[in-house]
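> starting from these lines, generate the structure:
(one chain, ligands or ions: 1)
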Amino acid sequence: MTDTRPIGVFDSGLGGLTVVKEIQRLMPAEKVVYLGDTARCPYGGRSDETIAKFGLQDAQFLLDMDIKLLIVACNTVSSVALDYLEHTIKSVPVIGVVLPGARAAVLRTADRKVGVIGTAATIRTNSYKNAMHCVDPGVKVYGKACPLFVPLVEEGLIDSDITRLVAQHYLYDMIDIGVDCLILGCTHYPLLMEVIQGTVGTRMQLLDSALWTAKEAQDILTALNALAPKESDGHALSRFLISDLTPHFESLAESFLGRPLPSVEKLALEELVK
Ligand code: DGL
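Next comes the predicted model:
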């Protein structure tokens, strides 16, 4: 059996396109509907209540598009509100980015010392720590909020001295502690991979959840016999919707997706806030 309905993916902005990139690499036949709430990004410094409310609005918008699986490709929403979304949404499976990344980290850490960096909300919830402890309660987990990384990426300050200084400021603790695996627990951080690796040294493995999340989506669709027909062209059929055409959206989207966005549809914020 096959299922031609799209996979719904949302993020507070464009960073969730890293998950779309991995889905398209692993499952090229799958059609994706991507929602990036660029009008209200960033979510990471907001209250739990607001993050949960925005997350449910984003999810509801995609559910109305007849999706077969919902991927919460935002670490902040996955950390604060995944349980709430799973509890509220019964029509399709819901997955976030935290659990797949946490599982991968437990498998990779030789010294059983893992660092997690993310937005203030992601670190406040201890979501990665809790997820890792479900797999291995003995792993030591150290979290650090890095709130300046998102605006630096949004400004295109990727390979710059100011970003290197900020990285040193945030990450020297991780070197002192001696973590051997560092989870990039925010959609924007993979773009800073080189700066981060240059700061912490090559002994520390960096881990980005996007690939593991796409793998989990593939496992779920396979188990449900709900993969798209092999002959379909997922790239051509996918849709990308954003709630604001922000200044650098085209170049940012290209950095996250690894290629230019084929076409983008602007939706009015009122379509989310119903
Ligand atoms: N998408 C968010 C995350 O992965 C980063 C941007 C934001 O703060 O909304 O945590």
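> contacts only, for residue 190.
Neighbouring residues of residue 190 by CB atoms under 8 Å, 6 or more residues apart in numbering: 18, 184, 208, 210, 256. (Glycine included, C-beta is placed from N, CA and C.)
> pLDDT at it, what is it?
Looking at residue 190, its pLDDT reads 94.
> repeat that for residue 246.
Per-residue pLDDT puts residue 246 at 89.
> one step back: among the contacts of residue 190, name the ones in strands.
184, 208 (DSSP state E).
> farthest pair in the contacts of residue 190?
Greatest spacing in the contacts of residue 190, by CB to CB: 184 and 256 (12.8 Å).
> so the nearest residue to residue 235 once chain neighbours are set aside is in which element?
Excluding the flanking residues, the one nearest residue 235 by CB to CB, 6 or more residues apart in numbering is residue 24, at 6.3 Å. Residue 24 belongs to helix 17-26 when elements are defined using DSSP states H and E.
> show residues contacting that helix.
With CB under 8 Å, 6+ apart, helix 17-26 has contacts from 7, 9, 11, 30, 32, 34, 36, 71, 73, 97, 187, 190, 208, 210-211, 213-215, 217-218, 234-235, 238, 253, 256-258, 261.
> and that helix, anywhere near the ligand?
No - if you take CB under 6 Å from any ligand atom as the test, helix 17-26 misses the ligand, and the best it gets is 9.6 Å.
> now stretch 136-146
No - residues of stretch 136-146 are not located near the ligand by CB under 6 Å from any ligand atom, the shortest gap being 10.5 Å.
> how distant is the helix or strand that residue 124 is a member of from the center of its chain?
Remark: residue 124 resides in helix 120-125, with elements defined by DSSP H and E. Distance of helix 120-125 from its chain centroid, counting by CA atoms, centre = their mean, to the nearest Å, is 14 Å.
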